[in-house]
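Colleague: sequence and predicted structure are below.
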Amino acid sequence: MGTLGHNDAAGPDGMFQLGLIGAGRMGRTHLQAISGSQTVRVAGVVDSDPGTRAAVVAGGIPAYPSLDELVAAGQIDGALIAVPTTRHVAVLENVAAAGIPVLCEKPCGLTAAETSQCASAASRAGVLLQVAYWRRFVPDLVELRHQLQAGELGDILAVNCYQWDAAPPSAEFRGTSGGIFIDMGVHEFDQVRWLTGQEFKAVHVASSGNGNSDSDPDCAQLVAELDGGTTAMVSLGRWHPAGDSCKVEVFGTKGTVSSWFLDPVHGDAVFHHALQSQAEEFAAAVRRHGTGVARLAAGSSADDALAALKVATAATAKTGRQWP
């Protein structure tokens, strides 16, 4: 594959041309969310499954069995990697080697070593790498972060986060996901770091309800000490029949804020809006990178992803579950 140039980072009509690598459940969710954007277009999809490609083509988007064919079909300004996490490293290395900036689904590898490998591949190729932690693009959370940065809540005593899914994923997915802290918890760990500007010092874990023979728990609670003197609590669960639910509470010496930013009724709209905003910020970051400004203004970097994954790995070890 030849190296592509991305200085202009726009199609003939000014739209950012995004290639989607992987059109499974998450890939299709991204596809739906980005379809409403006025600045980013999914210009082509790569998926190995013929049936999946046929469905994408029926929706009016070209689909290809390989990255080589997507690249050969025309310039792609960036790629969104939404393949299973076990394939992140191999796919990201190929995309970066082609000179294509990358927006990679979290957690960007199952281990700290894999995340570092992804970061190194992007660095060697000189391309931008952003990791898809969509919470950073939820308006309620952005506003909460501004409040914390401005000191409106005073000294932050505690940050409590809750993520409960409507139902567990398939056994096949759970077997390769890394477990509840790596699959789900990394969102909360990144969110806590982003909101507070503090790092995790120590974690304490309790879990219950074995979801399968590999003992990936259905419920896990984590309490952490942060290096700025704040405590964090993270509640994760795979059974919330009313629907997916995400909340955050912040307790400060000057006030308290509670946000149920993703609820069972309006959750899809919030999620899709955040994914669209994330893709648009990635496009803007690629344009900045093309002018020599290598900066992510809002998105999660590889270093951020690595920090979240290290917390998840430490928490997983405390459950006694060993993942590859």
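Modeller: All right, it came through fine. All values derive from a computational prediction rather than experimental measurement.

Colleague: contacts, neighbours, all on C-alpha from now
Modeller: Will do.

Colleague: so Ala63 touches Val56, yeah?
Modeller: Yes. Between Ala63 and Val56 there is a contact at 6.4 Å, judged by C-alpha atoms under 8 Å.

Colleague: list residues touching both of the two?
Modeller: Among the neighbours of Ala63, those also in contact with Val56 (C-alpha atoms under 8 Å, 6 or more residues apart in numbering) are Val45.

Colleague: so which of these two has more stuff around it?
Modeller: More neighbours surround Ala63 than the other of Ala63 and Val56, with 26 against 21 (other C-alpha atoms under 10 Å).

Colleague: quick one, what contacts the more buried one?
Modeller: With contacts defined as C-alpha under 8 Å, 6+ apart, the neighbours of Ala63 are 44-47, 53-54, 56-57, 70.

Colleague: which strand residues bridge it?
Modeller: Counting by DSSP bridges, Ala63 forms beta bridges with Val45.

Colleague: got a pLDDT number for it?
Modeller: As predicted, Ala63 sits at a pLDDT of 97.

Colleague: then Asp13?
Modeller: We note a pLDDT of 82 for Asp13 in this prediction.

Colleague: give the buried residues for the strand or helix carrying Lys318.
Modeller: For Lys318, the element it lies in under DSSP states H and E is helix 302-319. Residues of helix 302-319 classed as buried by neighbour count (16 or more other C-alpha atoms under 10 Å): 302, 304-313, 315-316, 319.

Colleague: just flag the most distant two among the contacts of Ala63.
Modeller: Ala54 and Leu70 (15.2 Å; C-alpha to C-alpha).

Colleague: where along the stretch 1-150 of the chain do the helices fall?
Modeller: Assigned by DSSP state H, counting those that start in this stretch, the stretch 1-150 of the chain shows helices spanning 25-34, 50-58, 67-73, 88-97, 112-125, 139-149.

Colleague: hmm, who's touching the last one?
Modeller: For helix 139-149, the surrounding residues in contact (C-alpha under 8 Å, 6+ apart) are 135-136, 153-154, 194-196, 257, 259, 261.

Colleague: what's the answer for the first one, then?
Modeller: Contacts of helix 25-34 from elsewhere in the structure, counted by C-alpha under 8 Å, 6+ apart, are 20-21, 40-42, 82-83, 272-273, 275-276, 279.

Colleague: circling back: including distance to Gly179 and mean pLDDT, could the helices of the stretch 1-150 of the chain go into JSON lines?
Modeller: Output for those, formatted as JSON lines (distance: least, C-alpha to C-alpha, whole Å; pLDDT from 0 to 100):
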{"stretch": "helix 25-34", "distance to Gly179": "18", "mean pLDDT": "97"}
{"stretch": "helix 50-58", "distance to Gly179": "27", "mean pLDDT": "97"}
{"stretch": "helix 67-73", "distance to Gly179": "29", "mean pLDDT": "93"}
{"stretch": "helix 88-97", "distance to Gly179": "17", "mean pLDDT": "97"}
{"stretch": "helix 112-125", "distance to Gly179": "15", "mean pLDDT": "96"}
{"stretch": "helix 139-149", "distance to Gly179": "26", "mean pLDDT": "98"}
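
Colleague: deepest-packed of those, please.
Modeller: Each of these was scored by mean neighbour count; the highest is helix 88-97, a mean of 21, by mean count of other C-alpha atoms under 10 Å.

Colleague: so what touches that one?
Modeller: The contact list for helix 88-97 (C-alpha under 8 Å, 6+ apart) reads 1, 3, 67, 79, 81, 101-102, 104, 108-109, 114-115, 117-118, 121-122, 125, 127.

Colleague: do stretch 301-317 as well
Modeller: If you take C-alpha under 8 Å, 6+ apart as the criterion, stretch 301-317 is touched by 106-108, 110-112, 115-116, 118-119, 129-131, 179, 181-182, 185-187, 189-190, 200, 203-205, 222, 322.

Colleague: distance from the chain centre to stretch 138-158, please.
Modeller: Distance of stretch 138-158 from the chain centroid (C-alpha atoms, centre = their mean, to the nearest Å) equals 21 Å.

Colleague: which one of the contacts of Ala63 is nearest Phe251?
Modeller: Of all those, Val45 has the smallest distance to Phe251: 43.9 Å, by C-alpha to C-alpha.

Colleague: burial count for that closest one?
Modeller: Number of residues near Val45 (other C-alpha under 10 Å) recorded here: 27.

Colleague: can you give me the domain assignment for the protein?
Modeller: Here the chain is described, according to automatic domain parsing, as comprising the domains 16-134+270-300, 136-264+308-319.

Colleague: of those, which stretch is the most buried?
Modeller: With neighbours taken as mean count of other C-alpha under 10 Å, those reach their highest mean count in domain 16-134+270-300, at a mean of 20.

Colleague: noted, bye for now.
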